[in-house]
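*Asks:* attaching a predicted model along with its sequence, questions to come.
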Amino acid sequence: MKALISLLFLASLLAPIQAVDPRKPNVVIILSDDYGYGSAVCYGANPAVVKTPSIDRLAAEGRRFTDANTTSSVCSPTRYSLLTGRYCWRTSLKYEVLSTFAPLHIEPTRLNMASMLKKHGYSTAAVGKWHLGYGTADDSPKWRTDYTAELSPGPLDIGFDYHFSVPSNHGDVTGVFVENRFVYGLRSGKIPAGMKLPGPVPDDDDDYQTTYGPEDMENPKVPAKILDLDAPRRKNQRVMKVLTDKATAWMQSQPKDQPFFLYFTPVAVHAPITPDKDIAGQSAAGLYGDWIYELDRSVGRILDTLDKMGVADNTLVIFSSDNGGVKELAREDLWSTKAYNAGLLTNGTLRGGKHHIWEGGFKVPFIVRWPGKTATGSVCGEMISLADILATTAAVVGEELPAASKAAEDSHSFLPAILGDPSKPIREDMIVHSADGVFAIRKGPWKWIEGVPVDEIKPGARKAHADEYHEQLYNTHDDPAETRDVSAGHPEIVQELRALLNRYRNGGYSRELPPEIAVKEAPVAVLAPAQGEVVMNENLSQMPAKPWTSSAGKWTAHDGALWGAETPQDKNGALLRTPCAISDGTIDFEINFDGANRHSLRIEAGDPQHTFRVVIARNSIEITRSPFPGEGPDATETLARKPLDLQKARWYPVRLVFQGNVLSVQVNDTQTHASHAIFANQKTALNFLVFGETAGFRNVRILR
């Protein structure tokens with residue numbers, strides 16, 4: 001008997017650390033858009049300015065996290081990370097967000113939330129803003145998602161059973177919804193014979209409209225070509241209502257004996273700011289405050305549906321945001337700025353917001369409600385990342401993750417922090433990444449900003465964001481608003497965090513500490529000597545004499561090469577020109593990127609107004625025909641595009657070979673080709689253009 005009592009006592013002690021109830025809980029993730037850390041009353045917002053009763057209810061019934069972070073300060077990368085448990089900068093998306101016409105960014109073979117939970121018997125749905133692409137791109141530079149055709153692969157090919165979405169952003173150029181594999185209600189297009197696509201009832205004028213114009217766009221002042229689609233158009237003020245209708249209807253349709261996973265992604269509070277007419281004009285924070293209440297009302301409908309279904313007690317609900325709120329106070333025309341001036345501290349007292357490397361871009365509201373598991377009204381200060389949701393749900397359902405080098409590379413389970421106060425930190429460190437491609441790493445109280453943006457950032461942004469583009473160190477415990485750079489006083493911390501960031505980047509994962517990898521520089525290709533009559537051989541070790549001319553930017557000769565840089569006065573690039581005279585033949589030179597975002601070799605072909613361009617950046621080659629005289633700027637024609645991987649401050653060979661209508665371009669060991677009648681014309685001049693900081697050129701040879 002004593003032995004039995006001892007065993008029972010031991011079992012009672014172990015009970016709190018057991019993973020989950022044998023019944024698999026439903027999982028509902030609500031990922032809002034651009035919703036800042038200080039925008040809910042439970043996170044300190046002034047209740048006289050904004051109303052968030054449903055979000056506050058979640059906090060009262062669950063656990064509120066105070067150090068939850070997105071992986072990026074913009075949306076697509078964070079959405080990728082949430083679903084895959086992997087930092088998005090490990091993919092081809094190194095900065096900003098995906099295009100509306102991008103292919104599916106999550107590989108169908110990659111472990112993700114939907115495929116993992118589906119394996120455990122869950123039915124799965126993705127409802128709301130998607131912004132992770134559709135389809136598979138080919139090598140054609142003209143490829144883009146075709147919204148008149150089947151949108152596959154897409155969410156249904158990575159584990160979701162049902163999908164209803166705004167394809168990209170609230171106010172995007174599509175103006176439509178997508179359901180499963182087609183535009184919702186598509187009436188004509190590349191629809192398989194005999195297939196009738198569902199759509200709204202014909203007289204549903206409350207939720208849909210027949211037209212969609214510039215006034216419906218995210219930024220009406222910036223012209224954009226709205227897609228010509230024969231389908232019902234979204235009505236901005238009703239998008240939140242429609243998405244919530246679809247989400248709640250799907251939940252109510254689920255079998256009672258099967259768990260479900262809902263990935264619900266409202267468009268609020270992303271611009272355009274379009275609260276429904278029944279709540280517009282109520283908030284002291286203006287339309288932005290009303291838009292926040294629209295989000296809160298949607299959260300309330302999700303919670304009420306769980307209650308009506310009788311499943312709330314066995315449902316894990318997570319509420320968060322894809323990045324921090326917009327905080328561009330110099331833009332007085334923004335509704336978010338008007339709300340801030342009215343007393344809504346969008347991101348609390350944190351510095352910066354969406355797009356930036358500061359804490360306001362990453363630290364977001366994060367609330368977990370799991371009745372019987374999370375302590376009601378509790379608060380947790382553990383540092384977590386939205387990339388950790390995958391590993392956490394895996395722990396909930398008892399899924400053993402693959403090796404860190406294979407999947408969920410950057411995901412740590414915070415299940416212990418849901419169930420109580422863990423005895424050791426969930427994470428020792430964490431990487432965040434700005435829209436400009438700037439990295440920062442946090443460890444303990446420290447945050448070190450590397451301060452290096454991608455080359456593609458334009459000069460205007462470089463000037464505006466200059467305070468983010470240098471190394472700096474902050475103690476975020478003592479100085480959460482990041483007001484004091486303390487790097488000079490802690491060189492050992494800087495060295496440690498720099499080394500750790502590089503180790504995680506080079507190692508391919510951070511769920512575990514990867515082995516140190518000596519990164520070897522890829523060899524530079526050696527091109528065989530070109531054959532033909534040499535008509536130019538200019539080493540550019542000094543400023544060349546006429547007929548070479550420089551008419552824009554700053555050009556200087558040093559270190560055996562000529563270096564060009566854009567200047568504030570010459571915003572169309574630094575320009576160096578030389579006449580030439582070849583039809584078929586070869587152009588060779590070497591290039592070195594030292595801060596420039598791209599080089600464009602503009603070639604005049606038969607007439608100064610007939611030109612084409614070979615555009616080289618560190619990550620791509622592009623061959624483009626310029627508009628002919630009389631054509632508009634939209635007549636630009638991209639003939640070839642290929643990814644490239646060049647290192648900064650290294651010399652690389654470039655070769656252009658003309659043969660009739662065909663142009664072949666090689667940069668280092670990467671080749672691409674294009675065909676067009678313009679290539680057969682006599683080439684009369686070369687224009688070397690540099691955009692951004694600096695690029696170097698040497699050893700220009702022309703042969704025919």
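*Replies:* Thanks, I have it. Residues are numbered from 1 along each chain as shown.

*Asks:* who touches stretch 481-501?
*Replies:* If you take Cβ atoms under 8 Å, 6 or more residues apart in numbering as the criterion, stretch 481-501 is touched by 349-351, 358-359, 429, 431, 439, 441, 443, 446-448, 450, 471-476. (Each C-beta comes from the backbone N, C-alpha and C, glycine too.)

*Asks:* tell me where the model's unsure across the stretch 551-700 of the chain.
*Replies:* Counting by pLDDT under 70, the stretch 551-700 of the chain contains no low-confidence residues.

*Asks:* same thing but at 90, please
*Replies:* 551, 567-572, 595, 597, 606-610, 627-636, 692-693 (pLDDT under 90).

*Asks:* after the longest strand along the chain, which helix or strand is next?
*Replies:* If you go by DSSP state E, the chain has its longest strand at strand 596-607. Following strand 596-607 in sequence order, the next helix or strand is strand 610-617 (DSSP states H and E).

*Asks:* next SSE after that following strand?
*Replies:* Next along from strand 610-617, by DSSP H and E: strand 620-625.

*Asks:* any idea of the angle that following strand forms with strand 610-617?
*Replies:* 170 degrees (axes from the mean of the first three to the mean of the last three Cα atoms, to 10 degrees).

*Asks:* buried residues, the following helix or strand past strand 620-625. List them.
*Replies:* Heading C-terminal from strand 620-625, the first helix or strand you meet, by DSSP H and E, is strand 637-643. Of the residues in strand 637-643, 637, 639-642 count as buried by neighbour count, 16 or more other Cβ atoms under 10 Å.

*Asks:* which SSE is immediately downstream of the helix ranked longest in the chain?
*Replies:* Longest helix of the chain, by residue count under DSSP state H: helix 286-309. Moving toward the C-terminus from helix 286-309, the next helix or strand (DSSP H and E) is strand 315-321.

*Asks:* hmm, who's touching the helix or strand just after that following strand?
*Replies:* Sequence-wise, the next helix or strand beyond strand 315-321 is helix 335-341, with elements assigned using DSSP H and E. With Cβ under 8 Å, 6+ apart as the test, helix 335-341 has contacts from 49-50, 271, 273, 285-289, 291, 325-329, 331-332, 346.

*Asks:* try it again at 7 Å.
*Replies:* 273, 285-289, 325-326, 328-329, 331, 346 (Cβ atoms under 7 Å, 6 or more residues apart in numbering).

*Asks:* what subset of these is buried?
*Replies:* Buried, going by 16+ other Cβ under 10 Å: 273, 285-289, 325-326, 328, 346, out of the contacts of helix 335-341.

*Asks:* dump those to CSV, plus pLDDT and distance to Ile457.
*Replies:* As requested, those are exported to CSV (pLDDT from 0 to 100; distance: Cβ to Cβ, whole Å):
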residue, pLDDT, distance to Ile457
Ile273, 98, 27
Ala285, 97, 32
Gly286, 97, 32
Leu287, 98, 31
Tyr288, 98, 28
Gly289, 98, 33
Gly325, 98, 22
Val326, 98, 19
Glu328, 96, 17
Thr346, 97, 24
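
*Asks:* just flag the most distant two among those.
*Replies:* Maximum pairwise distance among those (Cβ to Cβ): 17.5 Å, between Gly289 and Glu328.

*Asks:* all helices of the stretch 151-300 of the chain, in order?
*Replies:* 239-252, 286-309 (DSSP state H, counting those that start in this stretch).

*Asks:* okay, the angle between the longest one and helix 239-252?
*Replies:* Same thing as helix 286-309. Angle between the axes of helix 286-309 and helix 239-252 is 10 degrees (criterion: the same axes, to 10 degrees).

*Asks:* okay, now the unreliable bits of the stretch 401-550 of the chain?
*Replies:* Across the stretch 401-550 of the chain (using pLDDT under 90), the flagged ranges come out as 455-463, 516-522.

*Asks:* buried set for the longest strand of the chain?
*Replies:* In strand 596-607, counting by 16+ other Cβ under 10 Å, buried: 596-605.

*Asks:* elements contacting it?
*Replies:* strand 610-617, strand 683-692 (3 or more Cβ pairs under 7 Å, 6 or more residues apart in numbering; DSSP states H and E).

*Asks:* so which of the ones you listed is nearest Ala342?
*Replies:* strand 683-692 (39.1 Å).

*Asks:* other residues contacting the closest one?
*Replies:* Taking Cβ under 7 Å, 6+ apart as the rule, strand 683-692 contacts 455, 459, 553, 564-566, 573-582, 595-606, 697.

*Asks:* run the last query once more with 8 Å
*Replies:* 455, 457-459, 462, 553, 564-566, 572-583, 585, 587, 595-608, 658, 697.

*Asks:* run through who's touching the helix or strand just after that strand.
*Replies:* Moving toward the C-terminus from strand 683-692, the next helix or strand (DSSP H and E) is strand 695-703. Counting by Cβ under 8 Å, 6+ apart, strand 695-703 makes contact with 530-541, 559-565, 576, 578, 580, 582, 585-596, 599, 651, 688, all of which sit outside it.

*Asks:* does Thr148 touch Leu229 like I think?
*Replies:* Yes: with contact defined as Cβ atoms under 8 Å, Thr148 reaches Leu229; the gap is 6.7 Å.

*Asks:* if you compare the helices of the stretch 151-300 of the chain, which one is most tucked away?
*Replies:* helix 286-309 (a mean of 22; mean count of other Cβ atoms under 10 Å).

*Asks:* the stretch 101-250 of the chain: strands as residue ranges?
*Replies:* With strands called from DSSP state E, counting those that start in this stretch, the stretch 101-250 of the chain shows them at 123-129, 162-166, 178-179, 182-183, 208-209, 233-234.

*Asks:* tabulate the ones you listed (JSON lines), appending mean pLDDT and distance to Phe65.
*Replies:* Formatted as JSON lines, these follow (pLDDT from 0 to 100; distance: least, Cβ to Cβ, whole Å):
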{"stretch": "strand 123-129", "mean pLDDT": "98", "distance to Phe65": "22"}
{"stretch": "strand 162-166", "mean pLDDT": "98", "distance to Phe65": "27"}
{"stretch": "strand 178-179", "mean pLDDT": "98", "distance to Phe65": "32"}
{"stretch": "strand 182-183", "mean pLDDT": "98", "distance to Phe65": "37"}
{"stretch": "strand 208-209", "mean pLDDT": "96", "distance to Phe65": "38"}
{"stretch": "strand 233-234", "mean pLDDT": "97", "distance to Phe65": "33"}
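
*Asks:* among those strands, which comes closest to Arg301?
*Replies:* Nearest of the strands of the stretch 101-250 of the chain (Cβ to Cβ): strand 123-129, 12.3 Å.

*Asks:* which stretches of the stretch 301-450 of the chain form strands?
*Replies:* 315-321, 366-369, 378-380, 384-385, 429-433, 439-443, 446-449.

*Asks:* in CSV, list those strands along with distance to Asp138 and mean neighbour count.
*Replies:* Shown next, in CSV, are the strands of the stretch 301-450 of the chain (distance: least, Cβ to Cβ, whole Å; neighbours: other Cβ atoms under 10 Å):
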stretch, distance to Asp138, mean neighbour count
strand 315-321, 35, 25
strand 366-369, 39, 26
strand 378-380, 47, 17
strand 384-385, 34, 26
strand 429-433, 29, 23
strand 439-443, 32, 22
strand 446-449, 38, 23
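
*Asks:* can you put these in a markdown table and add distance to Thr672?
*Replies:* Output for these, formatted as a markdown table (distance: least, Cβ to Cβ, whole Å):
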| stretch | distance to Thr672 |
| --- | --- |
| strand 315-321 | 40 |
| strand 366-369 | 45 |
| strand 378-380 | 51 |
| strand 384-385 | 38 |
| strand 429-433 | 29 |
| strand 439-443 | 30 |
| strand 446-449 | 36 |
